[in-house]
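Undergrad: predicted coordinates and the sequence they were generated for:
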Amino acid sequence: MPDDTPPVYAALYRSPAARLRSWAPRDLVGLVADQPPRSAPGAVWSYANTGYILLGLIVEAATGGALGHELARRILEPLGLGGTVFPDRSTDLPDPSSHGYSLPVGPDGEALDGPLQDFTAQDPSWAMAAGALVSSLEDLGGFFRALLSGRLLPPALLAEMLATVPVPPASIPLPRHLRRSPAAGAHGQRAERPGARVRGADRRRPALGGRLLAGR
């Protein structure tokens, strides 16, 4: 599936004002709707924000409710994740929160030397179901514990989620992946957005960490 991330990131890096633009999900899908598929279905792994945005639209069409409402009703509230919200189009962050910064980038997305750009304030609608949630480290740990212990998915779906496939080196965001050591295997996940990166891992016990290029 084509990925809408490159044109969206180009817009986010254009100016601070561009980071406050409100995106409609169908407009995000429309950015790549005329592009051919990357491969035949199931042939290879590839990541695309577009796929998650389409899933968010499917959730809303199937339930008749907004995605944020369904996430809260079905996941956040039952798990007691009170520090996690789907902010829709709000740029507000809870206090205290980290500030995220990024180097400027070139026309092909390459990092350039220059003054750091503050990416803390963003309209999260550009990520929608692909990553608009605002959360805390405690809630992330609670979510992964619930997910991996089977509280959210039936056994067959959890097993399918934990199945791994080969991915190209340095793929970002990473899907669920498996790194083996002589002692044991460890599942993990990595994702990033302008100004921040987050990693998750579990060996029966999830360990999460976030890294900012700079922060205050």
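TA: The structure has been received and is ready for your questions. Residues are numbered from 1 along each chain as shown.
Undergrad: where does this structure have low pLDDT?
TA: Applying pLDDT under 70 to the chain flags the ranges 168-216.
Undergrad: helices along that one, start to end?
TA: In order along the chain, the chain carries the following helices (DSSP state H): 5-12, 25-30, 49-63, 67-71, 137-148, 155-162.
Undergrad: what would the ones you listed look like in JSON lines with distance to A127 and mean neighbour count?
TA: For every residue, glycine as well, the C-beta is placed using N, CA and C. Below are those laid out as JSON lines (distance: least, Cβ to Cβ, whole Å; neighbours: other Cβ atoms under 10 Å):
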{"stretch": "helix 5-12", "distance to A127": "9", "mean neighbour count": "17"}
{"stretch": "helix 25-30", "distance to A127": "9", "mean neighbour count": "16"}
{"stretch": "helix 49-63", "distance to A127": "7", "mean neighbour count": "17"}
{"stretch": "helix 67-71", "distance to A127": "11", "mean neighbour count": "18"}
{"stretch": "helix 137-148", "distance to A127": "16", "mean neighbour count": "18"}
{"stretch": "helix 155-162", "distance to A127": "21", "mean neighbour count": "11"}
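Undergrad: OK, contacts around the nearest residue to G80 once chain neighbours are set aside?
TA: In space, and not counting its chain neighbours, G80 is closest to G142: 7.2 Å by Cβ to Cβ, 6 or more residues apart in numbering. If you count contacts by Cβ atoms under 8 Å, 6 or more residues apart in numbering, G142 has them with 79-81.
Undergrad: between the helices of the chain, which one is nearest to L112?
TA: Among the helices of the chain, the nearest to L112 by Cβ to Cβ is helix 5-12 (13.7 Å).
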